[in-house]
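> okay, here's the prediction I keep looking at, along with the sequence it came from:
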Amino acid sequence: MDIQNKVFVVTGGASGLGAATAKYLGERGARVLMVDMNLELGQQLQQELGDQAEFHQLDVTNEAQVESFFQTIAQTHAQLNGLINCAGIAPSAKVLGREGLHDLAMFQRTLNINVTGTFNMLRYAAELMSNYQLKEGEEERGVIINTASVAAFEGQIGQVAYSASKGAVVAMTLPLARELAKHAIRVMTIAPGIMETPMLKGLPQNVQDSLGQMVPFPPRLAKPSEYAQLVGQIIENAYLNGEVIRLDGAIRMAAK
């Protein structure tokens, strides 16, 4: 799929992986609709990207909000070609911690945002993509790219909620790709390793360096721009479908 002149939705688009992806797509001529709960950062990024971008404050777990959002896309743009799900949270807690049992509400909230939010967005996106009228020479209507984590495969101590949620995202990939194939819609998942996100950038430099040294090569934190670059490669390569790609520098996480 060509990126230019296509319409993409990016969740978690106000910062981190989502912001890098929005910038990447906008610079290549796409119309980018960023959604996030952070209004201030979202509006700042929209101003930075200019006319190629729109920002919408949206709770991806809210069915009514999401349905209304996609109705607006249909009315305003009359098409949707891609969804990149970057919204998510990464809490940490032990099942048997010093302060007692793992909080059930925290576990449920993690699954709600990371799994239900991802599914809520992609189901409406798939419906809108399926209505896209293929132009001469085109073979696909749309592509959905979800974000998992290496924690889906090697979750560390304290990551039970996060690992469960990202494992679910991984597990959805193939059945979604199989089902949506008849609509000419591809589904892929990226499983990042240790990313240079705003959360990690807030840590002391020596801690960041230590984390980076855990990566076989290159021995550093991954850059959000490298995630965005992979998103672009997935969009442009029509034969990538139903697969999870690790973006991790060959790291395999230890227990802690």
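Nice, thanks for sending it over. Residues are numbered from 1 along each chain as shown.
> and the longest helix anywhere in the chain, what does it pack against?
For the chain, the helix that runs over the most residues, judged by DSSP state H, is helix 160-180. If you count contacts as 3 or more C-beta pairs under 8 Å, 6 or more residues apart in numbering; DSSP states H and E, helix 160-180 packs onto helix 104-111, helix 117-129, strand 142-147, strand 185-192. Using the backbone N, CA and C atoms, a C-beta is placed for each residue, glycine as well.
> got the buried residues for it?
Within helix 160-180, the residues that qualify as buried by neighbour count (16 or more other C-beta atoms under 10 Å) are 160-170, 172-173, 176-177, 180.
> what average pLDDT does it get?
On average, the pLDDT along helix 160-180 is 98.
> now do it: everything it contacts.
Helix 160-180 has contacts (C-beta atoms under 8 Å, 6 or more residues apart in numbering) with 88-93, 95, 102, 106-107, 110-111, 113-115, 118-119, 122, 126, 144, 146-149, 151-153, 155, 186-189, 191, 241-244.
> for this protein, which segments count as helices?
According to DSSP H, the helices that the chain contains are 16-27, 39-49, 63-76, 104-111, 117-129, 160-180, 198-201, 205-212, 224-236.
> how about TSV for the ones you listed, with distance to Ile3 added?
Shown next, in TSV, are the helices of the chain (distance: least, C-beta to C-beta, whole Å):
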stretch	distance to Ile3
helix 16-27	6
helix 39-49	14
helix 63-76	17
helix 104-111	32
helix 117-129	15
helix 160-180	20
helix 198-201	25
helix 205-212	30
helix 224-236	6
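> what's around Phe153, how many residues?
Using other C-beta atoms under 10 Å, Phe153 is surrounded by 17 other residues.
> relative to Leu45, how far out is it?
In this view, Phe153 and Leu45 are 31 Å apart by C-beta to C-beta, to the nearest Å.
> same question, Asn237
According to C-beta to C-beta, Asn237 and Leu45 sit 27 Å apart.
> likewise for Gln133?
As judged by C-beta to C-beta, Gln133 and Leu45 stand 31 Å apart.
> again with Lys166
Distance, Lys166 to Leu45, using C-beta to C-beta: 25 Å.
> find me the pLDDT at Leu203, would you?
Looking at Leu203, its pLDDT is 63.
> OK, contacts around Ala20?
Residues in contact with Ala20, defined by C-beta under 8 Å, 6+ apart, are Lys223, Pro224, Ser225, Tyr227, Ala228.
> appreciated, that's everything.
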